[in-house]
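Trainee: the following block contains a protein sequence and its predicted model.
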2 protein chains.
Amino acid sequence: MTQLDKARQQAVTAEMKAVAAREGVSEQFIRQQVEAGLVVIPANANHRNLEPRGIGAGLSTKVNANIGTSSDISNISDEIEKVKAAVKAGADAVMDLSTGGDISATRRLIIKECPVPVGTVPVYQAAIKAIKTRGGIVKMTAEDLFEAIEEQAADGVDFITVHCGVTRKVLEALEKNPRVAGIVSRGGSFLAGWIKHNNAENPLYEQYGCLLEIARKYDVTLSLGDGLRPGCIADATDSSQVAELMVLGELVIEARRQGVQVMVEGPGHLPMDQIETNMKLEKELCHGAPFYVLGPLVTDIAAGYDHITGAIGGAMAAMAGADFLCYVTPAEHLGLPDVNDVKNGVIASCIAAHAADIVKGVKGAKLRDFRMSEARKKLDWETQRKLAIDPERFEQVRKKAATEGDACSMCGDFCAMKIASEYVEKSGKCF
Amino acid sequence: MTQLDKARQQAVTAEMKAVAAREGVSEQFIRQQVEAGLVVIPANANHRNLEPRGIGAGLSTKVNANIGTSSDISNISDEIEKVKAAVKAGADAVMDLSTGGDISATRRLIIKECPVPVGTVPVYQAAIKAIKTRGGIVKMTAEDLFEAIEEQAADGVDFITVHCGVTRKVLEALEKNPRVAGIVSRGGSFLAGWIKHNNAENPLYEQYGCLLEIARKYDVTLSLGDGLRPGCIADATDSSQVAELMVLGELVIEARRQGVQVMVEGPGHLPMDQIETNMKLEKELCHGAPFYVLGPLVTDIAAGYDHITGAIGGAMAAMAGADFLCYVTPAEHLGLPDVNDVKNGVIASCIAAHAADIVKGVKGAKLRDFRMSEARKKLDWETQRKLAIDPERFEQVRKKAATEGDACSMCGDFCAMKIASEYVEKSGKCF
């Protein structure tokens, strides 16, 4: 039985209780949201050490960190370091996107070491197996795909990206509406290539029932991938993107019908004035399913700093309703992120998530800023450090340009806080 | 005669021509915008090597970098390095906020070395002189203040922050509406302290005519400071802030009447859902005067990463009408920024400005993203590098995790661009 099944039976699971406690909301609220499909709790029973997270409406905005090996760089211990860095920096989930080395062994160790939900994209493993055993991605069979999915589900993966919406019909929309950057989703390109080469329908769409069976068996949450997400500003909110989203909306209904937890993935690259529209489109077309966005990146020109580009888009997306932000690191578009990139990516997304939570009215969000500002006013540096999003970095930067006074070295003797306290507020009236 | 006087006489100045060429718009458009007070061109005739910038409606969003010594850290050559780093990274203006060492010598060297408009906050020098010669900030005289302003104007400063709106009446609003963080503007705290201690009106308000005379004489653009800007999320858009903004709106009219170019400064710390309101308030209350915002910072808890917090707020502010973004560096709230902080702050603000320019319809903004995406699709790394916001950083990150293939080390052999080209687009139909 999945969390959704249990919620429908009015049961409050241990996972719902843990989520309620973490969010500071009632257990019944969590149960109701799960029942309505507005919140998912990705929690595979085979992920033993999991501290569950709830993702969706009424909860704090969550952050995911993508890690994993590539064909160029493949070292399991590096990836475990990235998991630890991501979780320490505040990630609520980690996706293992490994495509290099021993993919199964990497995944199993990551699940073992990772206290937050772990996601994967099983088509990677299936495609790579097809290359090795049959000579090409396009030689992949539906069995390869479902075998990979079942193997990963059995290993304890909590959520999987499945590009079920990359259908023949959606690819026709792509042909009629040319793009600048084409398909930029890795899994999307695998499946589109497979469909075109084999002149056959996407097995994840055609045999969606098989997928739902596996997902239900392990309570793996489906994350319906956006294989046609825009990969540049010019391609944003085009016909193929919206056509795929409409397919995903239909698949959301079917998943819920089968008791399978489901969320939906979204862009990608979006100009700022299309972010709100995209969030509302997903919430309507996909019936309130939790929305999991990659970035979005608000310009194409900032490679090297795309954690910042993604933080701008992520904050705006979350304010407009996105529930789950996939981080982008400074290495995006340039190379595989290292552990430092992972940390910087997570922090940037956590800033975006928190900024949105302040305006979403998420419990406790405003209070933390209030406490920080009280401490700042009092020049209470220790409390500020503790409340900071990254206490270590707070300390490093503060020490780098030290002062001998009680303010900081930016203003030194001429600290506004001190001067206002001395001259303006001594009556005690102002504050 | 100021740029505004000349625009009124239908003259197109060399500065207007330079701005028109830089923006790719007509010279008459620039002249009309200057005449209407919707655009300012801070260009003091005594700033010899200036490459002028236009700031305001219909033009690209501009970025300012604050530099300068403090009482704790004071080294002129460091500040010159910061000027160079800021300009190289894309800053359109530099403000010298020095309060330590030889303030006049520092300013003169900065003006000499700086090709973009230079701004200052003359009350700092006046207050420090008062401390040294009279024993305290509150002993500052109106003459100290106007002397500092005239000295700096004669030196070639292009724009000055003047906190004319910190009036007795506005401070009454502050007393009636207590704040968490009080006054966080340095200049604002100096003047508020002075007003309270001396039980006298702000000379910059009471003798605004003297200020306008000096500004007119040197064509120094006034940047009406927001001494009551909110210093934390909890204080945003409160009575004192809005009361001050209303005073500034009146002063905008008077400045324009006297032929003085004028812009208005704004927050500060704002929750995301108050940014648009603040931009519209300023544009209405201040009669379309160019709006120069500090950040805004969308959360209080991210010290160490406030360039990111500021980029989120800055992008949203610029989209909603802000014309000029004052950067925030990773050192904000913690210490004086070093040269690396300056670079990171400028780049983050330039990303925000560019993301906004895409949706503002600024000429050339979308095209750059389009060209970048074309190059990305072709895996043309050299063109990508050239178009990147920071080509050096692009190269560094790309080399850090190198690939032997033609893609990058994130996806290696499984690059979506390559796979889509190989299997999906070979018909030539899709793209």
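Mentor: Ah, there it is. Residues are numbered from 1 along each chain as shown, chains lettered A, B, ... in the order given.

Trainee: list the beta-bridge partners for A:Val39.
Mentor: For A:Val39, the beta-bridge partners under DSSP bridges are A:Gly56.

Trainee: I'd like the distance between it and chain B.
Mentor: Separation of A:Val39 from chain B (Cβ to the nearest Cβ, to the nearest Å) stands at 23 Å. (Glycine included, C-beta is placed from N, CA and C.)

Trainee: next one: A:Gly364
Mentor: From A:Gly364 to chain B the distance is 12 Å (Cβ to the nearest Cβ).

Trainee: identify the residues contacting that residue.
Mentor: Applying Cβ atoms under 8 Å, 6 or more residues apart in numbering or on different chains to A:Gly364 gives the contacts A:Gly24.

Trainee: same check on A:Asn198?
Mentor: A:Val138.

Trainee: distance of it from A:Ala142?
Mentor: Using Cβ to Cβ, to the nearest Å, A:Asn198 is found at 10 Å from A:Ala142.

Trainee: how about A:Ile389?
Mentor: For A:Ile389, the distance to A:Ala142 equals 45 Å [Cβ to Cβ].

Trainee: now do A:Ala365
Mentor: From A:Ala365 to A:Ala142 the distance is 45 Å (Cβ to Cβ).

Trainee: so those two - more neighbours on which side?
Mentor: A:Ala365 (23 against 17; other Cβ atoms under 10 Å in any protein chain shown).

Trainee: so who does the more buried one touch?
Mentor: A:60, A:354, A:357-358.

Trainee: same thing with A:Val166?
Mentor: Here A:Val166 is in contact with A:188, A:191-192, A:195, A:202, A:204-205, A:225, A:227-228, A:244 (Cβ under 8 Å, 6+ apart).

Trainee: with respect to chain B, which of the residues you listed is nearest?
Mentor: The closest of those to chain B turns out to be A:Ala192 (Cβ to the nearest Cβ; 4.8 Å).

Trainee: state the number of residues packed around A:Ile253.
Mentor: 14.

Trainee: make that A:Arg256, sorry
Mentor: Neighbours around A:Arg256, by other Cβ under 10 Å: 18.

Trainee: tell me where the model's unsure across chain A.
Mentor: A:425-431 (pLDDT under 70).

Trainee: okay, now the domains of it?
Mentor: Domain segmentation of chain A under automatic domain parsing yields A:43-360, A:365-425.

Trainee: how about the strands in the stretch 301-431 of chain A?
Mentor: Under the criterion DSSP state E, counting those that start in this stretch, strands of the stretch 301-431 of chain A are mapped to A:324-326.

Trainee: show me what contacts A:Val247?
Mentor: By Cβ under 8 Å, 6+ apart, A:Val247 lies in contact with A:164-165, A:167, A:169-170, A:205.

Trainee: cool, A:Met372 as well?
Mentor: A:Met372 makes contact with A:383-384, A:387-388, B:232, B:300-301 under the criterion Cβ under 8 Å, 6+ apart.

Trainee: hmm, try it at 6 Å
Mentor: A:387, B:300-301 (Cβ atoms under 6 Å, 6 or more residues apart in numbering or on different chains).

Trainee: when you filter those residues down to buried only, what's left?
Mentor: Buried members of the contacts of A:Met372, counted by 16 or more other Cβ atoms under 10 Å in any protein chain shown: A:387, B:300-301.

Trainee: which one of those residues is nearest A:Pro122?
Mentor: The shortest gap between A:Pro122 and any of the buried ones among the contacts of A:Met372 belongs to B:Ile301, at 37.2 Å (Cβ to Cβ).

Trainee: ok, that closest one - contacts?
Mentor: By Cβ under 6 Å, 6+ apart, the residues touching B:Ile301 are A:368-369, A:372, A:387, A:389.

Trainee: ok, these vs A:His287, which is closest?
Mentor: Closest to A:His287, out of all of those and judged by Cβ to Cβ, is A:Arg368, at 32.5 Å.

Trainee: burial measure for that closest one, as a count.
Mentor: There are 19 residues near A:Arg368, going by other Cβ under 10 Å.
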